[in-house]
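Visitor: build me a structure from this.
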Amino acid sequence: MRKLISFAALALTPGMALADAHAAATPVEYGPRPAYLVDKLPDGALKDKLAACMGQDASKTDFSIGHRGAPLMFPEHTVQSNVAAARMGAGILECDVTFTADHELVCRHAQNDLHTTTNILVSDLAEKCTTGFTAAAGDTPASAECRTSDITLEEFRTLTPKMDSADNTATTAEDYQGGVATFRTQLYSDKADLMTHAESIDLFKSLGAKFTPELKSASVEMPHDGFSQEDYAQKLVDEYVAAGIPASDVWPQSFNLNDVLYWVENTPEFGKQAVYLVQWEDGFDEQNPETWAEDFADLKAKGVNYLAPSLNMLLTNKDGAIAGSDYAMAAKEAGLTLIAWTLERSGPLASGGGWYFQSVNDIVKDDSDYLVALDVLAQDVGVAGVFSDWPATVTYYANCMGL
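Guide: Predicted structure coming up:
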């Protein structure tokens, strides 16, 4: 039976070990969003298929990957964000991994994001930031930079997480805490809990989920106080070994190909599922091989089995419809397993979908195109999984399509 950590259990004992906070099995719940998106679809085969699944039982699926949990509405990389993602049926959960001043691994999207994801600027730790708060003045926006490597693990634990945001017009550190995107919310930010990487392993295991940790680029020069990049990559794997997690349940990720190759060569059981992350760069054309940085055959020959491009690299405009890109098909033909990121991170699509949909901006109409893009990724491109900021949508689609 699936186990989920309950919010009530977490509230019983502040600071309690996450692995000890267990609750009875909770069924997967979609909530209203998948039905809302299906209702918006234009009439046709996709709408008919997805509408016919309304009311059917929901179940967890590895096709649905929680991107930093469920950060459309919850502070990313918190206990609550990941519990929400698991309740939406995400079979795989993500901890973006970085390190503190004492080289302990924690879940943060970047080593230098504490000023936008926590209350550090209005805490006693503000003076430890790499760059303190500077007020907006004229055309110069407000700024700050606070790194996990600026503080120890003990100090990190004292911080309060918040929705990732900053008010660049702010003249005080307190006002800088604002700026939350209008399509997100602060309703679920109160008393959220940060996690170390080891705590995320305990939590995800208790939720019945698998693991996809991403080794983030360091903001400090490596090696850092004797802590090398190889030490960093090895420590990530070591924490799964120490927790007794089988390598088959872990997909370690990195944008740094050397990290991926380190896992392939030095921790081969984990390296089998190591994921090489790539993203759209200036000059990239999803239909023009001359603009592609990746040599798919070479990656495969070096032992890389998983490639995770951003959505815009996998989608293209074909005769006025969203379709799989030539880039996606070439990677697939080379034998690489594809994973897509990140659905539902763009907010409302009526304005074109921004960066994640830039290869199809001119034909994106509204939020129903999240489902159209998802269908293309699943059926035409054949991805193995999709990261989402709101996993219920991907879970619903996967259950309906039998993925």
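Visitor: quick check: the nearest residue to Ala136 once chain neighbours are set aside vs Thr131, distance?
Guide: Nearest non-adjacent residue to Ala136, counting by Cβ to Cβ, 6 or more residues apart in numbering: Ala142, 4.2 Å away. Quick note: C-beta positions are derived from backbone N, CA and C, even for glycine. Distance of Ala142 to Thr131, given as Cβ to Cβ, to the nearest Å: 12 Å.
Visitor: who's more crowded, these two?
Guide: Between Ala142 and Thr131, counting by other Cβ atoms under 10 Å, Ala142 is the more crowded of the two (20 against 13).
Visitor: OK, contacts around that one?
Guide: The neighbours of Ala142, taking Cβ atoms under 8 Å, 6 or more residues apart in numbering as the test, are Phe133, Thr134, Ala135, Ala136, Ala166, Asp167, Asn168, Thr169, Ala170, Thr171, Tyr176.
Visitor: most neighbours, which of these?
Guide: Going by other Cβ under 10 Å, Tyr176 tops those with 25 neighbours.
Visitor: for that residue, what are phi and psi?
Guide: Tyr176 has phi and psi values of phi -60, psi -20 when expressed as degrees, to the nearest 10.
Visitor: tell me which element the spatially closest residue to it that is not a sequence neighbour falls in.
Guide: Sequence neighbours aside, Ala170 is the residue nearest to Tyr176 in space, at 4.0 Å (criterion: Cβ to Cβ, 6+ apart). Using DSSP states H and E, Ala170 sits in no helix or strand.
Visitor: just checking, Ala170 touches Thr140?
Guide: No. Distance between Ala170 and Thr140: 12.0 Å, which falls outside the contact criterion (Cβ atoms under 8 Å).
Visitor: can you check the pLDDT for Leu10?
Guide: On pLDDT, Leu10 comes in at 39.
Visitor: what do you get for Pro27?
Guide: 77.
Visitor: which residue packs closest to it, ignoring adjacent ones?
Guide: Ala58 (6.8 Å).
Visitor: check Thr267 too.
Guide: Val237 is the one closest to Thr267 (Cβ to Cβ, 6+ apart), at 4.8 Å.
Visitor: tally of neighbours for the one you found?
Guide: 23.
Visitor: quick check: which element contains it?
Guide: helix 229-242.
Visitor: roughly how far is the helix or strand just after that helix from the heart of the chain?
Guide: Next along the chain after helix 229-242, taking DSSP H and E as the criterion, comes strand 253-254. Mean C-alpha position of strand 253-254 versus that of the full chain (Cα atoms, centre = their mean, to the nearest Å) differs by 11 Å.
Visitor: repeat for stretch 37-55
Guide: Mean C-alpha position of stretch 37-55 versus that of the full chain (Cα atoms, centre = their mean) differs by 27 Å.
Visitor: in it, what counts as buried?
Guide: Leu37, Val38, Lys40, Leu41, Leu46, Lys47, Leu50, Cys53 (16 or more other Cβ atoms under 10 Å).
Visitor: likewise stretch 314-324?
Guide: Leu314, Leu315, Thr316, Asn317, Lys318, Ile322, Ala323, Gly324.
Visitor: adding distance to Asp366 and secondary structure, write these out as TSV.
Guide: Formatted as TSV, the buried residues of stretch 314-324 follow (distance: Cβ to Cβ, whole Å; DSSP: H, G, I helix; E, B strand; the rest coil):
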residue	distance to Asp366	secondary structure
Leu314	20	helix
Leu315	16	strand
Thr316	19	strand
Asn317	16	strand
Lys318	20	strand
Ile322	13	strand
Ala323	19	strand
Gly324	21	strand
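Visitor: how is Tyr356 assigned, secondary-structure-wise?
Guide: Counting by DSSP: H, G, I helix; E, B strand; the rest coil, the backbone at Tyr356 sits in helix.
Visitor: quick one: contacts for it?
Guide: Ser310, Leu311, Asn312, Thr342, Arg345, Ser346.
Visitor: which of the residues you listed fall in strands?
Guide: Secondary structure assignment by DSSP state E places Thr342 of those in strands.
Visitor: the contacts of Tyr356 into TSV, with extra columns for neighbour count?
Guide: Conversion of the contacts of Tyr356 to TSV gives the following (neighbours: other Cβ atoms under 10 Å):
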residue	neighbour count
Ser310	22
Leu311	26
Asn312	22
Thr342	19
Arg345	20
Ser346	21
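Visitor: for the contacts of Tyr356, which one is nearest Ala198?
Guide: Thr342 (24.9 Å; Cβ to Cβ).
Visitor: contacts only, for the closest one.
Guide: His67, Ser310, Leu311, Tyr356, Phe387, Ser388, Asp389.
Visitor: may I see those arranged in TSV, with distance to Pro161 and pLDDT as well?
Guide: Converted to TSV, the contacts of Thr342 look like this (distance: Cβ to Cβ, whole Å; pLDDT from 0 to 100):
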residue	distance to Pro161	pLDDT
His67	16	98
Ser310	25	98
Leu311	26	98
Tyr356	24	98
Phe387	20	98
Ser388	20	98
Asp389	16	98
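Visitor: in the helix holding Val237, what counts as buried?
Guide: Quick answer for helix 229-242 (16+ other Cβ under 10 Å): Gln229, Asp231, Tyr232, Ala233, Lys235, Leu236, Val237, Glu239, Tyr240.
Visitor: helices or strands next to that helix in the packing?
Guide: Counting contacts by 3 or more Cβ pairs under 8 Å, 6 or more residues apart in numbering; DSSP states H and E, helix 229-242 packs against strand 105-107, helix 197-206, strand 214-215, helix 257-266.
Visitor: which one is Gly66 nearest to, not counting chain neighbours?
Guide: Nearest to Gly66 is Ala85, by Cβ to Cβ, 6+ apart, at 3.2 Å.
Visitor: and the one you found, how many neighbours?
Guide: With other Cβ under 10 Å as criterion, Ala85 counts 32.
Visitor: so what does it have for phi and psi?
Guide: phi -60, psi -40.
Visitor: next: Cys129.
Guide: phi -60, psi 150.
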